[in-house]
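Engineer: Show me the folded form of this:
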Amino acid sequence: MKSSKESLQLFLNDETFRWTILRNLFIAPISEEVIFRACIIAPLLSSHRNEDGQSLSPTQICWIAPLFFGVAHLHHFHEQYRRLPLLQRTKQAILQLIVGLLFQLTYTTLFGAYASHLFVRTGSLLAVILVHIFCNYMGLPDFSFASPTSGLYCYRWLLWCAYFIGIVLFIKGFHSSWVFPEGSVLPSLVSSVGGRRE
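Structural biologist: Residues are numbered from 1 along each chain as shown. The predicted structure follows:
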């Protein structure tokens, strides 16, 4: 782990590192949230009604919209495959790429569902962008403490409990009026705009 001063020096001196940081922490979160939340969810919420007079519910939209977000990350498989030298393109290597792809598709879709839920409940694109920046900065959870060679191995049960408590609180937060407004904000905003057009 680098100190803040070392990271800043690397950011200022290494152009590749600088562009990677700018892409991961600013360009990607802003552009992805504008596209995958603002440009997909709002039209889905105001989509036409079927013959029974029902449209997609906000919950359905929160699980449909992230599929676009997850699929948009499939290009990583092609990039990794293309970088493999021809002699290393074995079945085993391709299987590892596919497992990595499925893992990435799963976590991007789950994050997309959370971001969609946040956007539908709050109506705030800024909140979703900030959450995306935070997630990209933090990265995936580090479970290296579970390895006997880790210096944190003796605290593994405490860390597993902390992860478990965090997951439980995260799930409870979905239904909390302290974290989110009582009702979904965005559907009412979309319907009021749609009502004025008619």
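
Engineer: Check the offset of the longest helix that the chain contains from the chain's centre.
Structural biologist: Under DSSP state H, the helix in the chain containing the largest number of residues is helix 91-122. The chain centre lies 8 Å from the centre of helix 91-122; the measure is Cα atoms, centre = their mean, to the nearest Å.

Engineer: how about the CA coordinates for the helix or strand following it, as CSV?
Structural biologist: Following helix 91-122 in sequence order, the next helix or strand is helix 125-138 (DSSP states H and E). Extracted in CSV, the C-alpha atoms of helix 125-138 (Å, rounded to 0.1, in the frame of the first residue of the first chain):
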residue,chain,number,x,y,z
LEU,A,125,-27.9,11.2,-10.3
LEU,A,126,-25.2,12.9,-8.2
ALA,A,127,-25.7,10.4,-5.3
VAL,A,128,-25.4,7.5,-7.7
ILE,A,129,-22.2,9.0,-9.3
LEU,A,130,-20.6,9.5,-5.8
VAL,A,131,-21.5,5.9,-4.8
HIS,A,132,-19.9,4.6,-8.1
ILE,A,133,-16.8,6.7,-7.5
PHE,A,134,-16.6,5.3,-3.9
CYS,A,135,-17.0,1.7,-5.1
ASN,A,136,-14.4,2.1,-7.8
TYR,A,137,-12.0,3.6,-5.3
MET,A,138,-12.5,0.8,-2.7
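
Engineer: what's the angle from the longest helix of the chain to helix 125-138?
Structural biologist: With axes from the mean of the first three to the mean of the last three Cα atoms, to 10 degrees defining the directions, helix 91-122 sits at 150 degrees from helix 125-138.

Engineer: which ones are touching Ala72?
Structural biologist: Taking Cβ atoms under 8 Å, 6 or more residues apart in numbering, we find Ala72 in contact with 32, 36. All C-beta atoms are positioned from the backbone trio N, CA, C, and that covers glycine.

Engineer: got it, and Tyr107?
Structural biologist: So Tyr107 contacts Leu140 (Cβ under 8 Å, 6+ apart).

Engineer: ranges for the helices of the protein?
Structural biologist: So, for the chain - with DSSP H - the helices run 4-13, 15-22, 28-33, 39-45, 58-71, 75-83, 91-122, 125-138, 156-173, 185-197.

Engineer: Run through this protein and note the low-pLDDT ranges.
Structural biologist: Per-residue confidence for the chain (pLDDT under 70) gives these ranges: 1-3, 48-54, 176-184, 187-198.

Engineer: Now the residue most central in space within it: closest residue in space that isn't a chain neighbour?
Structural biologist: Centroid-nearest residue in the chain, with Cα atoms, centre = their mean: Phe111, separated by 3.2 Å. Nearest residue to Phe111, sequence neighbours excluded (Cβ to Cβ, 6 or more residues apart in numbering): Cys135, at 6.1 Å.

Engineer: what do you get for Leu110?
Structural biologist: Pro66 (7.5 Å).

Engineer: Could you report the neighbour count for that neighbour?
Structural biologist: Using other Cβ atoms under 10 Å, Pro66 has 24 neighbouring residues.

Engineer: Surely it touches Phe119?
Structural biologist: No - using Cβ atoms under 8 Å as the test, Pro66 is too far from Phe119 to be in contact (10.8 Å).
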